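**Q** Fold the following and give me the result.
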Amino acid sequence: MRLGEDTYTDIRWRALILDEAQFVKNHRAKTYQVIRRMERDFTLAMTGTPLENSLMDLWSLLSLTAPMLYPTPQDFAVDYRTPIEMDGDRVRLAGLRRSIAPFVLRRTKEAVASDLPPKQEQTLVVPMNPAHRRVYDRHLQRERQRVMGLLDDLAGNRVAVLSALTTLRQMALSPALLDPAYAPIEPSKVEVLVEHLTELAAEGHRALVFSQFTRYLRQVREALEQAGVSTEYLDGRTRDRQERLTRFREGDATAFCISLKAGGFGITLTEADYVYVLDPWWNPAAEAQAVDRTHRIGQDKPVMVYRLVAADSIEEKVRDLQQRKRDLFARVVDEGEMFGSALSVDDLRALLA
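**A** Residues are numbered from 1 along each chain as shown. The predicted structure is shown next:
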């Protein structure tokens, strides 16, 4: 859409169908603007995550599929987003549900795949080894002091704040992500993962392993290979993406190491029956999308999902934040979906408390 703008906007279309429509959730982005200018009689948007960051994601989809319902983002934000997200206004929430109901068809997995095998999910809280703990605590104190002084002007310091949080999240995974001098420190989760996957390989199971940090994912793959666990690998820089997918589907590799952006949507890998999520993501909807690469139509085995969380770290705070943010989708659209809204000042203070 971005590259062929004139081609698309010069034609009047009977219908426009948007698959993976969450990619147009940002109404300021070029792709959204091109689609908005296309002349057409009908628009259908299909997505498993119509809400990822805030109610404005939903507005973007509605502005393309039912453009006269809420004409401007400013009015929608004033009338619905602020009262519902910030104030918990149940009256406005009920009004929003009633108004969008004629335009939204919700098809749950239970409705379309009632014979799908069960999925079990478990959080593994992994203690850091002593060396890892010492390094993490030292950086935590440093970043906490730096960030707390920036929160009074979050709008002006948002990039610096998120950078500090990313530093702590990487440190909770592997100190070597921040400083090669820490390479001798064994990342605590990698030890647990290698142990699990060695057992799975012996039992003939196969697993998807997800992280959003590609350097960490490469560390994980190297550790698995050294332990004799066969792997495939996919991230955003992988050139032969389809070949990697085919090799895993048709081969016998035990683990498929996948980055969130490269493999969190749009692929089916029902050959695996275990999933390991190595770091919690701000947006639990994206996390759920990744898990569903294997728990979908075509799966004939029960699926086991493990979420690895570093004990006494920012990762536990992220998990707690996710838990507090999960209900907005359910309240607006349906029950059972996960949602992660934008981080507020209070959220950030809680992460560093």
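
**Q** tell me the contacts of the residue nearest to Arg14 when sequence neighbours are not counted?
**A** Leaving aside its sequence neighbours, Arg14 sits nearest to Asp41 (Cβ to Cβ, 6 or more residues apart in numbering; 5.5 Å). Yep, even glycine has a C-beta here, placed from its N, CA and C like the rest. Residues in contact with Asp41 (Cβ atoms under 8 Å, 6 or more residues apart in numbering) are Trp13, Arg14, Ala15.

**Q** So Asp41 versus Trp13, what's the distance?
**A** Separation of Asp41 from Trp13 (Cβ to Cβ, to the nearest Å) stands at 7 Å.

**Q** same question, Val291
**A** Taking Cβ to Cβ, one finds Val291 at 35 Å from Trp13.

**Q** try Trp282
**A** In terms of Cβ to Cβ, Trp282 sits 36 Å off from Trp13.

**Q** what about the protein, any weak spots by pLDDT?
**A** Scanning the chain for pLDDT under 70 picks out 323-344, 347, 353.

**Q** got the domain boundaries for it?
**A** 5-103, 119-352 (automatic domain parsing).

**Q** Which one, of those domains, ends up nearest to Glu110?
**A** For Glu110, the closest of those is domain 119-352, at 8.7 Å, according to Cβ to Cβ.

**Q** For the closest one, measure first residue to last.
**A** 33 Å (Cα to Cα, to the nearest Å).

**Q** now it, how far from the chain's geometric center?
**A** Counting by Cα atoms, centre = their mean, to the nearest Å, domain 119-352 is centred 9 Å from the centre of its parent chain.

**Q** before we move on, what about stretch 31-40?
**A** 26 Å.

**Q** CA atoms only for that stretch, dumped as PDB, please.
**A** Taking C-alpha atoms only, stretch 31-40 is exported to PDB below (Å, rounded to 0.1, in the frame of the first residue of the first chain):
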ATOM      1  CA  THR A  31      -0.400   2.600   5.100                       C
ATOM      2  CA  TYR A  32      -3.600   3.700   7.000                       C
ATOM      3  CA  GLN A  33      -3.700   7.000   5.200                       C
ATOM      4  CA  VAL A  34      -3.500   5.300   1.800                       C
ATOM      5  CA  ILE A  35      -6.300   2.900   2.700                       C
ATOM      6  CA  ARG A  36      -8.400   5.800   4.000                       C
ATOM      7  CA  ARG A  37      -8.100   7.500   0.600                       C
ATOM      8  CA  MET A  38      -9.100   4.500  -1.500                       C
ATOM      9  CA  GLU A  39     -12.600   4.700  -2.900                       C
ATOM     10  CA  ARG A  40     -14.600   1.500  -2.200                       C
END
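
**Q** How about residues contacting that stretch?
**A** In contact with stretch 31-40 (Cβ under 8 Å, 6+ apart) are residues 1-2, 5, 8-9, 11-16, 18, 23-24, 26-27, 60, 63-64.
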